[in-house]
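[1] Let's see this in three dimensions:
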Amino acid sequence: MSGHSKFANIKHKKEKNDAAKGKIFTIIGREIAVAVKEGGADPANNFKLAQVIAKAKANNMPNDTIERGIKKAAGDMGNVNYEYVTYEGYGPNGIAIIVDALTDNKNRTAANVRSAFTKGQGNVGTPGCVSFMFDKKGQIIIDKEEYEADADELMMQVLDAGAEDFSEEEDSYEVLTDPDSLEEVRKALEDAGIPMVSAEVTMIPQNYVELTDETAIKNLQRTLDLLDDDDDVQAVYHNWDE
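    The predicted structure follows:
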């Protein structure tokens, strides 16, 4: 793995979202509502809901808040009109960007995403134009400050639990799984008392791209900031080596 600090990026995004407080819970609440509508309120029989619950727990959402969200969604299924939509495009110097959104108004979301790309001197492309540069994986991040045991012991635990890969970064450990195995591995770590910063299905770049031009960096950051501030945007993936 490169020296690219995934935890630093996640922590930065979490702190930014939490500054306004509640955005991440709002995002997860929407995901719960859609998952319940699509597959029912029982996570044992609804893999997508199980994944959202894993994400909620990794983001320290209280169990009673999760349960209330599931019950509310189950009783309000006919009124849930959010739908997932994905946009792909290019930032400055060809940086690949994928935007996952959950929206009740695709026209509004498309306009906002297009504007964010344009203001950063990038452009939205056609579906599939950059996604081939990424691998869809389950990803679990463990903060070294929260886990002080031996790294080799942790590696054996996660691999025994069904993980595909384990790597050590400067400030964190990264565990990669097949997307379908994420919940199984997350549950094994939870049962072992191992604290997790995040546990979710994500898009991992196959290669990272460095930017050295200050204008290009500023423009890309503007696009990412605008996307982060959009309530419809659930996640943003890119191959910029920050």
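[2] State the next helix or strand along the chain beyond the longest strand belonging to the chain.
    The residue-count maximum for a strand in the chain (DSSP state E) belongs to strand 134-143. The helix or strand immediately downstream of strand 134-143 is helix 151-160, counting by DSSP states H and E.
[3] Buried ones in that next one, by neighbour count?
    Across helix 151-160, burial judged by 16 or more other CB atoms under 10 Å covers L154, M155, Q157, V158. Bear in mind the C-beta positions are built from the backbone N, C-alpha and C, glycine included.
[4] Strand partners (parallel or antiparallel) of the helix or strand A199 falls within?
    Assigned by DSSP H and E, A199 belongs to strand 198-205. Strand pairing for strand 198-205, using DSSP bridges, gives strand 134-143 (antiparallel).
[5] Does anything pack onto the helix or strand hosting K71? Which helices or strands?
    Element membership of K71, judged by DSSP H and E, is helix 63-75. Applying 3 or more CB pairs under 8 Å, 6 or more residues apart in numbering; DSSP states H and E, we find helix 63-75 packed against helix 23-39, helix 47-58.
[6] immediately after that helix, which helix or strand?
    Downstream of helix 63-75, the first helix or strand assigned by DSSP H and E is strand 83-90.
[7] roughly how far is the next helix or strand after that following strand from the heart of the chain?
    The C-terminal neighbour of strand 83-90 among helices and strands, as given by DSSP H and E, is strand 96-103. Relative to the centre of its chain, strand 96-103 is centred 10 Å away, using CA atoms, centre = their mean, to the nearest Å.
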